[in-house]
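S.K.: Below are the sequence and a predicted model for it; my questions follow.
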Amino acid sequence: LAALSLGLGHPDVFGGVLLHSGAYGEFLAPLSALARDLGPRAPAAWIDVGTFEADMNGHDLLAENRTLRDALTAAGVRLRYLEVPEGHSWGSWRARKGEALGFLLGELGRR
């Protein structure tokens with residue numbers, strides 16, 4: 001949530017955001033609207049989420065991340081989205097950190 005908020009709020013500073021298993025809740029709609037307003041000027045985004053995150057203490061993180069994916073795609077944001085058969089854990093995120101940074105740094109080099 002913090003990375004996405006900062007990235008969309010300051011696209012002149014942040015060229016990319018890395019989002020692992022984000023929980024956006026009530027902020028999903030306003031952040032999606034901000035991305036829509038920025039369009040392709042929004043920072044590139046890497047999103048990954050576990051398929052076992054559909055019920056995280058009553059919150060469906062899988063659905064929230066799918067909604068965010070759809071909003072960023074519609075806005076024309078450069079995006080990589082992955083759903084992995086895992087849960088909400090550091091080991092899950094660590095496994096993709098290198099690929100995520102490669103995608104984002106490659107995107108930054110194209111700006």
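M.R.: Great, that's in hand.
S.K.: so where is the chain shaky, pLDDT-wise?
M.R.: 107-111 (pLDDT under 70).
S.K.: where do the helices sit along this protein?
M.R.: 2-9, 28-38, 61-75, 90-109 (DSSP state H).
S.K.: and Ala44, which of those helices is closest to it?
M.R.: helix 90-109 (3.9 Å; C-beta to C-beta). C-beta coordinates here come from the backbone N, C-alpha and C atoms, glycine included.
S.K.: just so I know, which of the helices of the chain lies nearest Leu82?
M.R.: Nearest of those (C-beta to C-beta): helix 90-109, 7.0 Å.
S.K.: Now do the closest one: which elements does it pack against?
M.R.: Packing partners of helix 90-109 (3 or more C-beta pairs under 8 Å, 6 or more residues apart in numbering; DSSP states H and E): strand 16-20, strand 44-50, strand 79-84.
S.K.: Asn57: which of those strands is closest?
M.R.: strand 44-50 (14.4 Å).
S.K.: relative to strand 16-20, how tilted is the closest one?
M.R.: Here strand 44-50 points in a direction 0 degrees away from that of strand 16-20 (axes from the mean of the first three to the mean of the last three C-alpha atoms, to 10 degrees).
S.K.: Dump the C-alpha coordinates for strand 44-50 into PDB.
M.R.: The C-alpha coordinates for strand 44-50 follow below in PDB (Å, rounded to 0.1, in the frame of the first residue of the first chain):
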ATOM      1  CA  ALA A  44       5.800   0.500 -13.800                       C
ATOM      2  CA  ALA A  45       4.400  -2.100 -11.400                       C
ATOM      3  CA  TRP A  46       5.300  -5.600 -10.400                       C
ATOM      4  CA  ILE A  47       2.500  -7.400  -8.600                       C
ATOM      5  CA  ASP A  48       2.600 -10.900  -7.200                       C
ATOM      6  CA  VAL A  49       0.100 -12.500  -4.900                       C
ATOM      7  CA  GLY A  50      -0.500 -16.100  -3.600                       C
END
